[in-house]
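Undergrad: can't give you the sequence, but here's the structure:
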RNA sequence: GGAAGCGUCGCAUAGAGGCCGAGUGCAUCUGUCUUGAAAACAGAAGUGCCGCAAGGCACCGUGGGUUCGAAUCCCACCGCUUCCGCCA
């Protein structure tokens, strides 16, 4: 959510930004609604002030006739006040609804474009592997090695679900272990920051296993509940399943005021993510690239406003570091205005090379949210001069397990159908190859 | 799931219709004293909204209600604690 004062003072910026996202905003309506809200607020408060004043007099008034008269007057005022309060409540509800429809302001360096065709490749890393044979897709390899079973999962639980088995499970746990070591080691993180030439105060990430349930009100504050059909809902319990650990991690400090010295705060969440994929019928139906359920390591950080762009660059540097550890070729993409997330100021994606599909596929996302979520959440910082303002937030994928497995399987495949285990993961697994057991 | 009790300013507590936006203790910050600190003493200190300001309004778990007036009374919900039952 944006600040209404900012909207009133910067109409052109808000409108231009929304337009670049492909949304037409009618700010006239919002602003006249806000005028109404302010007028109504003033009238309600004036009545309440009178009520307070007269009530204070009533308690000391000695003369019974005057007293009685005052009470009668207040009975009338009370009726009027009630009516105006109800009006105000109605206006505020409409106002809030309108406010929630306004997307965040995009950064100046975000490419302008209508959809993903407008995304810009910022840099690429790694050599695409050369094969002396035609590389296969992950689902074919995975099924043959009996490490991915979507067929049984579909029978037991439904489509877009899978049994992950054997050495592929070991790969997942190895990835987690490797990441925990990296993300809690200050020297490693400092080196990543230095190499990427980002200037941030380096602190370790706190590992977290968050709930996979979240209250819809929290999800609204996180600006991640725009389309109910994308979520698994439990209306009887007023709960829903998270689509990412970002949702529960970001909401962790609702209604909290930090001090400047507390910043930055960095968390590494590991959680299952649940997505209905309502709008993607027929897309990526093979294998495990697009699942209703997948496990993900997710970074969520809180920092001072002046540091949040550097913070995002730091998170991207970490993403690149771990992909380089796995020697997976990738490209970093600046996501354009028409394709980026509703609450984002700036979004950078990483697409990893998938030889079986012969293209780069999105595996990582880094979202600079700024104060868009924290303003709704009430997560704030008290500056040294005493001023209180919303904290800035960033979230970014460290590894989406499913897609990382896909990338490993396809990049490390051998002609005989076996898969070489990336070198960095071997110490955790104790072998160098996945073969049919 | 059943029973009882409880949710007040960072923490701990007081408050039982108007003298309460709220007292006290601890913690915090600022002065005095001290070479410095501690102690002692004095003082400051919640959040949001409206307003140029003066000032006003709201907030005692949440939402309703009663009343001229609610932290205080009533109702519902949520949460916590203890006991019983069940359970990894």
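TA: Right, received. Where do you want to start? Values in this document were obtained by computation on a predicted structure and should not be read as measured data.
Undergrad: I'd say residue A:304 and residue A:394 touch.
TA: No. Under the criterion of C-beta atoms under 8 Å, residue A:304 makes no contact with residue A:394, lying 11.8 Å away. Every C-beta, even on glycine, is put in place using the N, C-alpha and C of the backbone.
Undergrad: more neighbours: the two, which one.
TA: Using other C-beta atoms under 10 Å as the criterion, residue A:304 and residue A:394 rank with residue A:394 on top: 30 against 18.
Undergrad: can you tell me the element the residue in the stretch 201-350 of chain A that RNA strand B sits nearest to falls in?
TA: Nearest residue of the stretch 201-350 of chain A to RNA strand B: residue A:257, at 6.1 Å (C-beta to the nearest atom of the strand). Using DSSP states H and E, residue A:257 falls within strand A:256-259.
Undergrad: quick revisit: and for the nearest residue to the residue of the stretch 201-350 of chain A closest to RNA strand B once chain neighbours are set aside, the neighbour number?
TA: Of all residues not flanking residue A:257 in the chain, residue A:380 sits nearest, at 4.8 Å (C-beta to C-beta, 6 or more residues apart in numbering). By the criterion of other C-beta under 10 Å, residue A:380 has 19 neighbours.
Undergrad: give the contact list for residue A:380.
TA: Listed by C-beta atoms under 8 Å, 6 or more residues apart in numbering, the contact partners of residue A:380 are A:256, A:257, A:258, A:374, A:388, A:389, A:390, A:391.
Undergrad: nearest spatial neighbour of residue A:357, chain-adjacent residues omitted?
TA: Computed as C-beta to C-beta, 6+ apart, the closest residue to residue A:357 that is not its neighbour in sequence is residue A:137, at 6.2 Å.
Undergrad: could you do residue A:57 as well?
TA: The shortest distance from residue A:57 to any non-neighbouring residue, by C-beta to C-beta, 6+ apart, is to residue A:70 (6.7 Å).
Undergrad: mind listing what's buried along the helix or strand that contains the one you found?
TA: Here residue A:70 is covered by helix A:64-99, with elements defined by DSSP H and E. By 16 or more other C-beta atoms under 10 Å, the buried positions in helix A:64-99 come out as A:70, A:74, A:81, A:84, A:88, A:91, A:95, A:98, A:99.
Undergrad: just the closest of those residues to RNA strand B, please.
TA: residue A:74 (3.2 Å).
Undergrad: please report how far the closest one lies from residue A:80.
TA: Going from residue A:74 to residue A:80 by C-beta to C-beta, to the nearest Å gives 10 Å.
Undergrad: quick one: stretch A:67-82 near RNA strand B?
TA: Yes. Under the criterion of C-beta under 7 Å from any atom of the strand, RNA strand B is reached by stretch A:67-82 at A:71, A:74, A:75, A:78.
Undergrad: burial check on the closest residue to the first one other than its chain neighbours, number of neighbours?
TA: Taking C-beta to C-beta, 6+ apart as the measure, residue A:71 lies nearest to residue A:58, with 6.4 Å between them; neighbours along the chain are not counted. In terms of burial, residue A:58 registers 15 neighbours under the definition other C-beta under 10 Å.
Undergrad: now the most centrally placed residue in chain A: how far from residue A:85?
TA: The residue lying closest to the centre of chain A (C-alpha atoms, centre = their mean) is residue A:246, at 5.0 Å. As defined by C-beta to C-beta, residue A:246 lies at a distance of 37 Å from residue A:85.
Undergrad: follow-up on the earlier one: find me the pLDDT at the residue nearest to residue A:71, would you?
TA: Looking at residue A:58, its pLDDT is 83.
Undergrad: isn't it right up against residue A:67?
TA: Yes. Shown here, residue A:58 and residue A:67 form a contact pair, counting by C-beta under 8 Å, at 6.1 Å.
Undergrad: next, the contact list for the residue nearest to the centre of chain A, please.
TA: Residue A:246 makes contact with A:222, A:224, A:269, A:298, A:300, A:367, A:395, according to C-beta under 8 Å, 6+ apart.
Undergrad: go again using 10 Å as the cut-off
TA: Residue A:246 makes contact with A:210, A:222, A:224, A:267, A:269, A:271, A:273, A:296, A:298-300, A:365, A:367, A:369, A:373, A:393-397, according to C-beta atoms under 10 Å, 6 or more residues apart in numbering.
Undergrad: noted, bye for now.
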